[in-house]
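**Q** Just to be clear, the model below is a prediction. Sequence and coordinates:
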Amino acid sequence: NRAHLTLDPQFTIGPVNRRLFGSFVEHLGRCVYDGIYEPGHEKADEEGFRTDVIELVRELGVSTIRYPGGNFVSGYRWEDGVGPRDERPPRLDLAWHSTESNEIGLDEFAGWLKKVDSELMYAVNLGTRGVLEALDVLEYANLRSGTHWAQRRVANGHPEPHGIRMWCLGNEMDGPWQLGHSTAEEYGRLAAKTASAMRQIDPDLELVVCGSSSAQMPTFGDWERVVLEHTYDDVDFISCHAYYEPKGDDYGSFLASGVNMDRFIEAVVATADHVKATRRSDKTINISFDEWNVWYQSRYNEVDKITDVAEWPVAPRLLEDSYSVLDAVVLGSLMISLIRHADRVTAASLAQLVNVIAPIMTEPGGPAWRQTTFHPFSLTSRLARDVALELKLDSPTYGTRLYGEVPLVDAVATYDEAGGGTTVFAVNRSLTEEVTLDIDTRAVGSVGAARATSLFDGDIHAANTLEDPERVSPRENTSVSVGEGTVSITLPPVSWTVLTLD
Ligand code: AHR
């Protein structure tokens, strides 16, 4: 099996925005409590944040972190999480059938973000609250001093505003599971009113309106159109959310999840541009793909979900998926899809960050470790360069149950316009066969050094666990050979690879 790729730095898709390498922290399960925050832990700092987790988050290379939800946000009163800790009320979290202690709120989280060197993207509650509460939290977070909520922040010990630029207008309002679930008309009106009111405080905010919870939602397409008809002039982004899991043993389709993500993005772009055309607008709405990952959602629904009316635990173990090599290859391929659409997907958040469908796991009082999915994310974040390239890729294909005939090899490349280096990210979706990828490098000039790292394993179900936290890690791919105007590399079956050419 051979696939062929031509690189040419003259053909570009667009700049790779660093915000593509964002993540998501929700008050859900053990993401915040017993995840990033565990005051009694031997590695906790003076504020109770685990320093081992901070180090891993920095290594992961996340640019922007969406907070505080997710479904959680639609029942959240942000005021509960600020001010003296002993006055903060515990509350029911209806989304995850838990108790929210409110020990961590906006101020603490903004402080933690400085430690991990990441930008805060804040979601307001448009499920059970509205315009006024959004204005209040914006004032609290971003205004310097002198008015009620800004002054409260100062009094709470935070004289400097948090300076949040990106704001999400609610979460998944198309989903029947969402508190305050709305029609596109209802949500579109509320989002438009909220956005224009927030812009009266600060016209330069970057606002994200909710798109569909997935491309499979019955309202998908119409939802985007109606919501954007209401909000087009007042927002900058529309969100996409997508989670993937294998159906039974249909790994062929699962490995092709990126095909679904590509189609999803292209459909939302087409819808946004349709609204642009009808409005004769000069403005372009981009995508914030602010929830994406592999998620074994069927296991949550069938096994983990808490339904007992008497049970409202604090920080229960929820959505703690253990990721395999197969999952990591799919995650790497989803990042390829995001970069391939870098012209229109200008922000994205891997959902989520710690313990909850996460690249980083922790044990209370114990260690923190990297899941298999940590590796393609951190390597992509570290090695993706300035600009995404338009590629000419010819690959053998295979048939899938869900997406028809798809390429065995998928790839994307980024180029460093100043330094001239190129990075290629590639997946081999074959369950059994290796594929040799021949890359035509004539247009990028001479290649001095070619280095490749691949993630693969004889056991595609191998995972990193508490007992064996380093079972799976990427290894050097020594099959790379550099010729005159060409580089070749062998991609093992079910593998993700990054190749740098300098
Ligand atoms: O990330 C887990 C959940 O998935 C989020 O809370 C919600 O927005 C989505 O349905």
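**A** Perfect, thanks for sending it. Numbers count the residues shown, from 1 in each chain.

**Q** Give me the neighbour count for the spatially closest residue to residue 151 that is not a sequence neighbour.
**A** Distances taken as C-beta to C-beta, 6 or more residues apart in numbering put residue 145 closest to residue 151, at 5.9 Å, once the chain neighbours are dropped. From N, CA and C alone the C-beta is placed, and that goes for glycine too. Around residue 145 there are 12 other residues, counting by other C-beta atoms under 10 Å.

**Q** cool, residue 169 as well?
**A** 27.

**Q** Leaving out sequence neighbours, find the closest residue to it.
**A** Per C-beta to C-beta, 6+ apart, closest to residue 169 is residue 191, 4.5 Å.

**Q** got the phi/psi numbers for the residue in the stretch 251-400 of the chain positioned nearest to the ligand?
**A** Sorted by distance to the ligand under C-beta to the nearest ligand atom, the residues of the stretch 251-400 of the chain start with residue 351, at 4.2 Å. When read as degrees, to the nearest 10, the backbone of residue 351 gives phi -100, psi 120.

**Q** Surely it touches residue 22?
**A** No. Applying C-beta atoms under 8 Å, one finds residue 351 not in contact with residue 22, separated by 9.9 Å.

**Q** who touches both of these two?
**A** Common contacts of residue 351 and residue 22 (C-beta atoms under 8 Å, 6 or more residues apart in numbering): residue 290.

**Q** From the opening residue of stretch 462-474 to its closing one, how far?
**A** End-to-end distance of stretch 462-474 (C-alpha to C-alpha, to the nearest Å): 13 Å.

**Q** Excluding its own residues, what touches it? List them.
**A** Here stretch 462-474 has contacts from 322-325, 328, 361, 363, 366-367, 369-372, 375, 379, 453-455, 457, using C-beta under 8 Å, 6+ apart.

**Q** again, only this time at 7 Å
**A** Applying C-beta atoms under 7 Å, 6 or more residues apart in numbering, the contact partners of stretch 462-474 are 322-325, 363, 367, 369-372, 375, 379, 453-455, 457.

**Q** And the protein, what are its domain boundaries?
**A** Segmentation of the chain into domains, based on automatic domain parsing, reads 4-8+389-501, 18-383.

**Q** how about CSV for those, with mean pLDDT added?
**A** Listed next are the domains of the chain as CSV, based on pLDDT from 0 to 100:
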stretch, mean pLDDT
domain 4-8+389-501, 96
domain 18-383, 97
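
**Q** Just say which of the ones you listed is most tucked in.
**A** domain 18-383 (a mean of 20; mean count of other C-beta atoms under 10 Å).

**Q** Show me the beta-bridge partners of the closest residue to residue 290 other than its chain neighbours.
**A** Leaving aside its sequence neighbours, residue 290 sits nearest to residue 349 (C-beta to C-beta, 6+ apart; 4.3 Å). Beta-bridge partners of residue 349, counted by DSSP bridges, are residue 22.

**Q** hang on, residue 349 packs against residue 19?
**A** No. The criterion here is C-beta atoms under 7 Å, and residue 349 misses it with residue 19 at 8.8 Å.

**Q** and for those two, which residues touch both?
**A** residue 64.

**Q** mind checking the SS state of residue 381?
**A** Under DSSP: H, G, I helix; E, B strand; the rest coil, the three-state class of residue 381 is helix.

**Q** what's near enough to touch it?
**A** Per C-beta under 7 Å, 6+ apart, neighbours of residue 381: 21, 61.

**Q** hmm, 8 Å instead?
**A** 21, 60, 61, 62, 63.

**Q** now, which of these sits nearest residue 395?
**A** Taking C-beta to C-beta as the measure, residue 395 lies nearest residue 21 of the contacts of residue 381, at 26.0 Å.

**Q** Chain neighbours aside, what residue packs nearest to the closest one?
**A** residue 381 (4.0 Å).

**Q** Thanks a lot, see you next time.
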